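S.K.: using only what follows, build the 3D model:
(2 chains)
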Amino acid sequence: MKLNEYQVEGFFDEMFAADGTPRSHAATLLQNLSRLPEGELEVRQRGAESAFFYSGVTFSVYGDQAGTEKIFPFDIVPRIIPADEWRAIEEGLKQRITALNLLIDDLYHDQRIIGDGVLPKEIVYSSKAYRPQCMGFNPPRGVWCHITGTDLIRHRDGQVYVLEDNLRCPSGVSYVLENRRIMQSLFPHVFAEQRIRSVRTYTSKLRDLLEHLAPDSVRNPHAVLLSPGIYNSAYFEHSFLAQQMGIELVEGRDLVVHQDRVYVRTTHGFERVDVIYRRIDDDFLDPETFRSDSLLGVPGIMRAYQSGHVALVNAPGTGVADDKVIYAYVPRIVKYYLDQEVILPNVPTYICAEEEGLRYTLEHLDELVVKAANEAGGYGMLVGPHSTAEQRADFAVRVKANPRNYISQPTMALSRVPTLVGGDLEGRHVDLRPYILYGREIFVLPGGLTRVALRKGSLVVNSSQGGGSKDTWVLDDAPTPAPAGPSQTQSQTA
Amino acid sequence: MLSRVAESIYWISRYVERAENVARFIDVNLQLMIDAPAGFDQQWLPLVYTTGDQDEFKRRYSSPNAESVVRFLAFDLENPNSIVRCVRAARENARTVREIISSEMWLQLNKFHLMVSSAAARGGGILDRHDFFGEVKLASQTFAGLTNSTLTHGEPWHWCRLGRQLERADKTSRMLDVKYFILLRSVADVGSAFDEVQWAAVLRSASAFEMYRKRFGRIAVPNIVDFLMLHREFPRAVLYCLTTARDALHAISGTPLGTFRHAPEKLLGQLCSELAYTTVEELLSVGLHEYIDRLQTKINQVGNGIFESFLALRAPE
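M.R.: Numbering: from 1, shown residues only, chains lettered A, B, ... in the order given. Just a heads-up that it's a prediction; the model follows:
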């Protein structure tokens, strides 16, 4: 296929330099693509789509009456990250997650960071995800946030910024693993010609992490994944992860708490559960402690947790650190706990709770992205340059009514990756969500989920709003050790 | 394993087996329609009787003919036992236990579901979709084969087997009952050449024609009853199905064969012994229809007992 008509159009392109020449890390792929006959890439794209369709790799859109399941759109052209660039991202993520864990632990203990005047008390106490019920609690192995999916973007200036910390139940890792599986079957030559870091270890690492958190007295830990059930938008992922880890997927109705211990109903009676990877928000986890109208959770599970008989992953209360306002303080938080400068900078952020931030936000609504503090999935968001006067007026009212709940950021020119559109490649905006596991040590899955805004010019990458995904390749520059040859296979003697 | 998961797996295989059997009923009647002598009045209502949903059918359809019966049994979204609904129910159950069954099983069930729903949406006369019923049989058998070759033969597999074999025992007995009880009374020419064609069709609907030939040769009613009810090794014979269901149930509970701890073990054991120590003459002297009627009631009791003993666990107070 022809690649010479591709336009970068003044954006940072992950595959082509500003003058349109290919970046060196993309050379192997681009050579392979240029050798493909006309139309072949589309054929493979359709092959990938039908593979997802038949294996039921789907998500649900809330509020969509038409049908509960949709295929997550997939684009066949991957995003490639060179080895050295990835190393910097990895270091930055490790630094950030270390600091955020120290923050959460501090907020539920001595609150030194408030006492020292770095983080305002009102911001913490007014956070919807702050859980006074967790005060003084020490989570198993001292970690609150075991699983994180941090959203990164690259701006026109080439710099990678942190857009959001997702510390509650970040989803999407299953698509990383499935996208890779499909890509390897579609482009075996490309994978053979260059070394791309594997993502396959993720589920083993996750299982190790869960078992690591079991109470010391348990010899063979029994870990389960707690899902809200098949109507949850991420149900495919819950079931996929449980299957790949070889643990049980349970729903609230499968669990019962008896004398502060958690049991699961089996065909042979009740069995103890030691670790729960819960994909249910704090609010719905335990009707005795949090929302009493929750039918998804397990009554008494917080009692069992607080008496140390069961581990919950991530720890309840963790969400306080992914409040979008507290996010604005992360560079100061890193400095405070680690005495380091932040490696991955934040997107410049105006805090509406601060007088100056509020004024600036209201005066520049047409250029800014305004976000509600506790919304995910692109809901409760205003993208200024793409908004109508009516929408801006509506947001101005909302922000003035509750400034604490809003931040604003300049509209970032997200970098672009060539994407297959009607047989040709066109640039589309992307972000990147790497996944981080914090168990015995911190593990960052090489790459992560590249989400792509498939609509021309759109900056919204959320799957619920017209986004799709791409495979993400982190190149490997480490030398390969020569493997020892296997012994010869026996054959029948003549 | 989780009670909820066991229940889902049990119903996945029951629903898949049910879809296959409905396809078998229809397929054979389509064959008969093509083979029938001129002036023969093709019976379609008996097919509805095999599923036990005759009241529902009569309420919603004016006359039983090929089109209406096939639509009701295969494609009717309001009939919970139609092929489309069975496969959908199997898939819905599978969605809740995807991490327990193998990816191959899930993929097959998903394809099965897509095939059946697109066929239902397509429409057209029954002779135009003649291939469909063969495809349903094949899809179900592929699923069963994948279950055997990709799922560890531990508890989940035993639940699959239990569901499938109970369902199959019930359906084989119904196939026999309908021919014996309904066709026999309504068709005047008993013993005619076409009567033999019909009996051969009953055997074919249980994929039993060739195996029957090897065992008995000539088509004779008592032998057919013997073969489909009392054969110990033919995989769709009622005795074989119940014996394997019993083995699966004991593998699940860990209770040694020949003994019982739960009500369904007792009932299923009695049922197997009764069939194992019965001759076809004794069975026919009771009346085949009466015998099968009682058998089906007992199979239903086994199903209810399984639910009570293994799946509806109550929390300690």
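S.K.: show me what contacts the nearest residue to residue A:228 once chain neighbours are set aside?
M.R.: Leaving out its chain neighbours, the residue that sits closest to residue A:228 by CB to CB, 6 or more residues apart in numbering or on different chains is residue A:296, at 4.6 Å. For every residue, glycine as well, the C-beta is placed using N, CA and C. Contact analysis of residue A:296 by CB atoms under 8 Å, 6 or more residues apart in numbering or on different chains lists A:228, A:229, A:251, A:252, A:280, A:284.
S.K.: contact residues of chain B facing chain A?
M.R.: Within reach of chain A by CB under 8 Å from any CB of the partner chain, chain B has these residues: B:1-6, B:92, B:95-100, B:103, B:106-107, B:110-111, B:114, B:155, B:252, B:310-311, B:313, B:315-316.
S.K.: how far away is the nearest residue to residue B:312 once chain neighbours are set aside from residue B:16?
M.R.: Counting by CB to CB, 6+ apart, residue B:3 is the residue found nearest to residue B:312 once chain neighbours are left out, at 7.5 Å. Separation of residue B:3 from residue B:16 (CB to CB, to the nearest Å): 21 Å.
S.K.: ok, those two, which is more surrounded?
M.R.: More crowded of residue B:3 and residue B:16, by other CB atoms under 10 Å in any protein chain shown: residue B:16, with 32 against 20.
S.K.: now the helix or strand where residue B:226 lies: mean pLDDT?
M.R.: Here residue B:226 sits within helix B:221-230, counting by DSSP states H and E. The average pLDDT for helix B:221-230 rounds to 94.
S.K.: over to stretch B:291-299?
M.R.: For stretch B:291-299, mean pLDDT is 94.
S.K.: equivalent analysis for stretch B:153-167, please.
M.R.: pLDDT averaged over stretch B:153-167 gives 96.
S.K.: assign residue 148 to helix, strand or coil.
M.R.: By default, I'm working from chain A. For residue A:148, the secondary structure call by DSSP: H, G, I helix; E, B strand; the rest coil comes out as strand.
S.K.: if you could check chain B rather than the one you did, that'd help
M.R.: On the basis of three-state DSSP, residue B:148 is classed as helix.
S.K.: next up, the contacts around whichever residue of chain B sits closest to chain A.
M.R.: Proximity of chain B to chain A (CB to the nearest CB) peaks at residue B:99, 3.4 Å away. Shown in contact with residue B:99 (CB under 8 Å, 6+ apart): A:239, A:240, A:241, A:242, A:243, A:247, A:248, A:249.
S.K.: among these, who's most crowded?
M.R.: residue A:249 (28 neighbours).
S.K.: chain neighbours aside, what residue packs nearest to it?
M.R.: residue A:242 (3.9 Å).
S.K.: pLDDT score for that neighbour?
M.R.: pLDDT recorded at residue A:242 is 92.
S.K.: and it, backbone torsions?
M.R.: Main-chain torsions, residue A:242, degrees, to the nearest 10: phi -60, psi -40.
S.K.: next: residue B:206.
M.R.: phi -100, psi 20.
S.K.: next, count neighbours for it.
M.R.: 24.
S.K.: how about the residue nearest to it when sequence neighbours are not counted, secondary structure?
M.R.: Among residues not flanking residue B:206 along the chain, residue B:236 sits closest, at 4.6 Å (CB to CB, 6+ apart). Following three-state DSSP, residue B:236 is assigned to coil.
S.K.: give the contact list for residue B:236.
M.R.: Going by CB under 8 Å, 6+ apart, residue B:236 touches B:168, B:172, B:206, B:207, B:208, B:228.
S.K.: mind putting the contacts of residue A:296 into CSV with neighbour count and secondary structure?
M.R.: Formatted as CSV, the contacts of residue A:296 follow (neighbours: other CB atoms under 10 Å in any protein chain shown; DSSP: H, G, I helix; E, B strand; the rest coil):
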residue, neighbour count, secondary structure
A:228, 22, coil
A:229, 16, coil
A:251, 19, coil
A:252, 23, helix
A:280, 25, coil
A:284, 18, helix
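S.K.: for residue B:147, see how far away the one residue in the stretch 51-200 of chain A that gets nearest to chain B is.
M.R.: Among the residues of the stretch 51-200 of chain A, residue A:56 lies nearest to chain B; the distance is 4.8 Å by CB to the nearest CB. Using CB to CB, we find residue A:56 at a distance of 17 Å from residue B:147.
S.K.: related to what we said a few turns ago, surely the residue of the stretch 51-200 of chain A closest to chain B touches residue B:106?
M.R.: Yes. Using CB atoms under 8 Å, residue A:56 is in contact with residue B:106, at 6.8 Å.
S.K.: list residues touching both of those two?
M.R.: Listed as contacting both residue A:56 and residue B:106 by CB under 8 Å, 6+ apart are residue B:98.
S.K.: lovely, talk soon.
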